[in-house]
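Visitor: No sequence on hand, only this structure:
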């Protein structure tokens, strides 16, 4: 059962197209987004992936948004995800076009959307598997609230996010705004999205998406100086602009 490489997306979000249309496209992206390993996609199958936010989980305060910068790498240390990031557009169905199957260990970032660390929600997508092996976001559903996500950015800084929610979103209970929209106004947020649920070999599609939600809680500038939420506005501006003043 070959899964041919999908052509690079060359569509763009046109002026006047609503956010809801893009969100619908994100949901449709789950169709044929994996080659269908069956047994190998275990970590993202079943409702066990929908851990949400356990009661009593203590999370750090949000960091002020940074100046925008394109991503280069993403790391989720708790589950061993470490991958380059490439900008992607929309495919012919209006969905974010993930990297081709020939790049299974690469994550895609919606390049016409929010840059990670800036105000708004940055959207990353990645395959869970191919015909023969796990792909970049294979272990994504094992992420727990409180886990750290780091995004290395083109300006040399690193945006540090904290996971606050993990959901397995099925067709029956899918809510586009809840899954992909901002959770709190004014924050810099991040979504990591891959396929989950059950793989149907007949339709060549998964029944759900795994959606990991995170928000900005710290930053490191190009010199390695760290800025955490609440450390002071002057220092935050230094990190955001890469000056490294300490």
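Guide: Thanks, I have it. Here the structure is a predicted model, which is why all the values come from computation and not from measurement. Residues are numbered from 1 along each chain as shown.

Visitor: in the chain, which spans are strands?
Guide: With strands called from DSSP state E, the chain shows them at 71-76, 81-88, 107-110, 120-125, 148-153, 158-170, 188-200, 205-220, 226-228.

Visitor: Could you export these to TSV, including columns for distance to residue 177?
Guide: Bear in mind the C-beta positions are built from the backbone N, C-alpha and C, glycine included. Output for the strands of the chain, formatted as TSV (distance: least, C-beta to C-beta, whole Å):
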stretch	distance to residue 177
strand 71-76	24
strand 81-88	22
strand 107-110	16
strand 120-125	11
strand 148-153	22
strand 158-170	12
strand 188-200	12
strand 205-220	12
strand 226-228	30
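
Visitor: ok, of those, where does mean pLDDT dip lowest?
Guide: If the strands of the chain are sorted by mean pLDDT, strand 226-228 sits at the bottom with a mean of 75.

Visitor: returning to what we had before: take the strands of the chain and write them to JSON lines, including distance to residue 139 and mean neighbour count.
Guide: Listed next are the strands of the chain as JSON lines, based on distance: least, C-beta to C-beta, whole Å; neighbours: other C-beta atoms under 10 Å:
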{"stretch": "strand 71-76", "distance to residue 139": "8", "mean neighbour count": "20"}
{"stretch": "strand 81-88", "distance to residue 139": "6", "mean neighbour count": "18"}
{"stretch": "strand 107-110", "distance to residue 139": "13", "mean neighbour count": "25"}
{"stretch": "strand 120-125", "distance to residue 139": "14", "mean neighbour count": "24"}
{"stretch": "strand 148-153", "distance to residue 139": "13", "mean neighbour count": "22"}
{"stretch": "strand 158-170", "distance to residue 139": "12", "mean neighbour count": "22"}
{"stretch": "strand 188-200", "distance to residue 139": "10", "mean neighbour count": "24"}
{"stretch": "strand 205-220", "distance to residue 139": "10", "mean neighbour count": "24"}
{"stretch": "strand 226-228", "distance to residue 139": "26", "mean neighbour count": "18"}
